[in-house]
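I need the structure of the sequence given here:
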Amino acid sequence: PQHSYWRAPSNCNSVEFVVTLSNISDVSGVTLVVSSCGYTEADTPTVQIWASNKISKEERSCMGKWEAQSLLESSPELYGPEKSDVQKLPRHIKFSFRNPVRCRIIWITLRLQRAGSASVNLGKDFNLMSLDENPFAEQSRRASFGSIDNEDPHLHAKRILVFGTPLRTDTRPTTPDGSEQLQLKNWLEKPPQLNRFKVPIETERLIENDLMLEQYILPSSPTVAGFRLDYFSAIKPRVTHSPMSDVNVWNPSSLLVDERHITPAILYVQVSALQENHNMETIAEYRIPETAPGTPLYFDFPRKIQTRRIAFRLVGDIAAFTDDPTEQEDGEYRSSPLATGLSLANRVKLYYYADPYELGKWASLSTI
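Residues are numbered from 1 along each chain as shown. Now for the predicted structure:
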């Protein structure tokens, strides 16, 4: 019907509308079409508008806040019921943004002013010649003329319009196959973003010249999804070879071949876990890439593991590595021919995947 409009319950002082546009658009503002009952000084709302491309409220931007009552002072035709004569344009209030914003979602909040927050006008609000005992006593606030409840004001509006320019199809980002529905489906089916969290360890021990590490896991610990390995501090000596026996090593033009390209030294980590039959079963073997010392490397297991004990063994060309001489003290005695920089001590950490929002803010302290 022509005179129908939306109204909130009289005890509702604030309401928020969320408008989702069909396409990403350059929005210039919002228009509020006035209800057929019109506004009064009591129920003129305060309007606040936000905009964003994402549904998260934390990432939205505030476009502005308007006191509709100040806008109505220059438009007296917005007060009171709509006149019976046909008007060219419906009564409306326009909220223009300072600059157009490219967005997909718009939040619009309508809020009633608190009692006593309006400015005082001695000429309209009070009669100083009145014989009342207290001429400054606050008068009861009236609702709109079309209100069912004539005592309490309420929020109301006929329609909300968003004006701007839709973004052209050829300028919007598209999927490789040009299907936005397929992109939306993939986004909806995508699992939540998970973080790695450290699995608490009861105790651990090193054996075989620190080349094997056994970790004992608490019974209440979650299933293990993988491990983090901080790369070793040991280095591999660079030895060069020449295809000619009489080559001059001091001649820059001599052809030298790096030993890493002839016989590359490769390290592996074998992972085994204690099974229900009380036997250690190999889970997987991972090749360790060559990188800078201390670099964190992450390895996911083929499946989640629920166990009380898990072992890591370093294998491969272990003898090809040596300790960095710059980190060795003068006269330091080494009882083992193997590089101490290949020790697994304090280098392996177990982790599991979880949604950080489900674990709470304190869980962020255990991320690895």
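
can you pull out the strands in the stretch 151-300 of the chain?
In the stretch 151-300 of the chain, the segments counted as strands under DSSP state E, counting those that start in this stretch are 156-157, 159-166, 195-198, 201-207, 212-217, 224-230, 240-241, 257-258, 267-274, 280-288, 296-305.

among these, which is nearest Glu58?
Among those, the nearest to Glu58 by CB to CB is strand 195-198 (17.9 Å). C-beta: built from backbone N, CA, C; applies to glycine.

quick check: which of the strands of the stretch 151-300 of the chain is buried the most?
strand 156-157 (a mean of 22; mean count of other CB atoms under 10 Å).

which residues does that strand contact?
5-8, 32-35, 37, 43, 110, 144 (CB atoms under 8 Å, 6 or more residues apart in numbering).

at 6 Å what do you get?
The contact list for strand 156-157 (CB atoms under 6 Å, 6 or more residues apart in numbering) reads 5-7, 32, 35.

also stretch 265-281?
236, 282-288, 305, 307-313, 315-317, 320.

about what we covered before: let's have the contacts of strand 156-157 in a markdown table, adding distance to Ser221.
Conversion of those to a markdown table gives the following (distance: CB to CB, whole Å):
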| residue | distance to Ser221 |
| --- | --- |
| Tyr5 | 59 |
| Trp6 | 54 |
| Arg7 | 56 |
| Leu32 | 56 |
| Ser35 | 61 |
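
by pLDDT, give me the weakest of those.
Among those, Tyr5 has the lowest pLDDT, at 78.

against Ile310, how distant is the residue lying closest to that one once chain neighbours are set aside?
By the measure of CB to CB, 6 or more residues apart in numbering, the closest residue to Tyr5 outside its immediate chain neighbours is Ser35, 3.7 Å from it. Taking CB to CB, to the nearest Å as the measure, Ser35 falls 68 Å from Ile310.

checking the residue nearest to Tyr5 next. Helix, strand or coil?
Counting by DSSP: H, G, I helix; E, B strand; the rest coil, the backbone at Ser35 sits in coil.

who touches it in this structure?
Taking CB under 6 Å, 6+ apart, one finds 5, 156, 158 in contact with Ser35.

tell me, how many neighbours does Val18 end up with?
11 (other CB atoms under 10 Å).

beta-bridge partners for it, please?
Trp107 (DSSP bridges).

pLDDT score for Thr171?
53.

all the helices of the protein, residue numbers only.
68-72, 122-125, 180-189, 356-359 (DSSP state H).

and those: which comes nearest Ser366?
Using CB to CB, the nearest of the helices of the chain to Ser366 is helix 356-359, at 8.7 Å.

contacts for that closest one next, please.
Asn195.

okay, that helix in PDB with CA atoms only?
The C-alpha trace of helix 356-359 is given here as PDB (Å, rounded to 0.1, in the frame of the first residue of the first chain):
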ATOM      1  CA  PRO A 356      42.200 -19.900  16.800                       C
ATOM      2  CA  TYR A 357      38.700 -18.500  17.400                       C
ATOM      3  CA  GLU A 358      37.600 -21.800  19.100                       C
ATOM      4  CA  LEU A 359      40.600 -21.900  21.400                       C
END
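
tell me how far it is from the chain's mean position?
Chain-centre distance of helix 356-359: 12 Å, with CA atoms, centre = their mean, to the nearest Å.

just stretch 346-366 next, same as before
16 Å.

indicate which one of the helices of the chain is closest to Arg98.
Across the helices of the chain (criterion: CB to CB), the nearest stretch is helix 68-72, sitting at 15.8 Å.

quick one: mean pLDDT for the closest one?
78.

residues contacting Lys236?
Here Lys236 is in contact with 265, 320-321 (CB under 6 Å, 6+ apart).

returning to that earlier point: save the strands of the stretch 151-300 of the chain as CSV, and put in distance to Phe95 and mean pLDDT too.
Below are the strands of the stretch 151-300 of the chain laid out as CSV (distance: least, CB to CB, whole Å; pLDDT from 0 to 100):
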stretch, distance to Phe95, mean pLDDT
strand 156-157, 12, 84
strand 159-166, 10, 90
strand 195-198, 40, 90
strand 201-207, 58, 92
strand 212-217, 59, 94
strand 224-230, 50, 95
strand 240-241, 74, 53
strand 257-258, 69, 52
strand 267-274, 61, 94
strand 280-288, 59, 93
strand 296-305, 50, 93
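
out of the ones you listed, which is closest to Tyr79?
strand 156-157 (13.7 Å).

just to revisit the earlier point, top of the contacts of strand 156-157 by neighbour count?
Going by other CB under 10 Å, Ser35 tops these with 24 neighbours.

Leu297 versus that one, what's the distance?
On the measure of CB to CB, Ser35 and Leu297 end up 65 Å apart.
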